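A.B. asks: Sequence first, then the predicted structure:
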Amino acid sequence: QVQLLESGGGLVQAGGSLRLSCAASGRTDRTYAMAWFRQAPGKERDFVGYISSSGSTTLYADSVKGRFTISRDNAKNTLYLQMNSLKPEDTAVYFCACSGSIIVGLQSNPHNYYYWGQGTQVTVSS
């Protein structure tokens with residue numbers, strides 16, 4: 001079992017920045033591929049970005065490419081999402097997800113992630 005706890009969400013003006021964190025606990029003896037997703041009211045859960053177990057590979061949704069950066073500190077069992085140049089359309093609940101495996105098939109498919117955090121709200125005002 002892996003438990004995930006996100007933090008760092010909040011209210012920010014357009015153009016501002018936020019840094020989300022996701023602390024993992026439980027079965028952290030191994031490192032797993034992880035990702036960030038987000039869900040706006042009335043919409044499906046969308047892929048934001050992915051990071052491999054080692055941190056050497058990252059992938060991003062086109063909508064956030066160049067503005068968001070995923071990183072991880074495996075020694076601290078923590079995943080990060082640095083969000084810059086935020087836009088009102090970035091408003092959503094942000095979830096971190098853990099695959100429970102080293103390799104993930106389609107990184108953007110939420111069904112490939114077994115463990116989820118409870119989410120943290122990010123609101124960007126115009």
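C.D. replies: Now that the structure is in, tell me what you want to look at. Quick caveat, the model's predicted, so the values are computed rather than measured.

A.B. asks: Show the contacting residues for the closest residue to Q39 other than its chain neighbours.
C.D. replies: Among residues not flanking Q39 along the chain, R45 sits closest, at 4.4 Å (C-beta to C-beta, 6 or more residues apart in numbering). All C-beta atoms are positioned from the backbone trio N, CA, C, and that covers glycine. Counting by C-beta atoms under 8 Å, 6 or more residues apart in numbering, R45 makes contact with F37, R38, Q39, F95, P110.

A.B. asks: hey, where'd the strands end up in the chain?
C.D. replies: 2-7, 10-13, 18-26, 34-39, 45-51, 58-60, 68-73, 78-83, 92-98, 115-116, 120-125 (DSSP state E).

A.B. asks: As a markdown table, those with mean pLDDT and distance to G105 would be great.
C.D. replies: Output for the strands of the chain, formatted as a markdown table (pLDDT from 0 to 100; distance: least, C-beta to C-beta, whole Å):
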| stretch | mean pLDDT | distance to G105 |
| --- | --- | --- |
| strand 2-7 | 95 | 19 |
| strand 10-13 | 98 | 33 |
| strand 18-26 | 95 | 21 |
| strand 34-39 | 98 | 12 |
| strand 45-51 | 97 | 11 |
| strand 58-60 | 97 | 13 |
| strand 68-73 | 97 | 18 |
| strand 78-83 | 98 | 20 |
| strand 92-98 | 97 | 14 |
| strand 115-116 | 96 | 16 |
| strand 120-125 | 98 | 26 |
